[in-house]
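Novice: following is a predicted model, sequence given first.
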Amino acid sequence: QVQLVESGGGLVQAGGSLRLSCAASRRTFSTGAMAWFRRAPGKEREFVAGITWRGGSTSYADSVKGRFTISRDNDKNTVYLQMNSLKPEDTAIYYCAAKRESRTVTVASTYDYWGQGTQVTVSS
């Protein structure tokens, strides 16, 4: 069973920064892609950013382009989400996800494993 453990959430003022981390246990899991999704209060889960494990190709939601950066550390089996210029509308629970194949990184239903989530709250 693959486990994804997120960390780095918290409370920050608007305009501030946070970095989320997600460490994946390997065992027999061969990573194709990892991503961050979020669910804001009263809203549906939405894609935030994704990255393919081998090529490092990245994808971002329009709402976070230019502010958020996803990256990975292959040796540590960890994916990061650097969030800058945070806005109150970024407030949500952020979930890390991983899957074996590397296509359609924006689609939540294609992911095999999910973390428990970490709360990010941005105050105005």
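Specialist: Thanks, I have the structure now.

Novice: could you give the bridge partners of the spatially most central residue of the chain?
Specialist: Nearest to the geometric centre of the chain sits residue 36, at 2.1 Å (C-alpha atoms, centre = their mean). Beta-bridge partners for residue 36, by DSSP bridges, are residue 49, residue 96.

Novice: residue contacts, it?
Specialist: 20, 22, 48-50, 70, 79, 81, 94-97 (C-beta atoms under 8 Å, 6 or more residues apart in numbering). Backbone N, C-alpha and C define where each C-beta goes, glycine included.

Novice: could you do residue 123 as well?
Specialist: So residue 123 contacts 11-14, 88 (C-beta under 8 Å, 6+ apart).

Novice: now residue 121. Nearest residue, chain neighbours left out?
Specialist: Spatial nearest neighbour of residue 121, chain neighbours left out: residue 11 (4.7 Å); criterion: C-beta to C-beta, 6 or more residues apart in numbering.

Novice: good, we can wrap up now.
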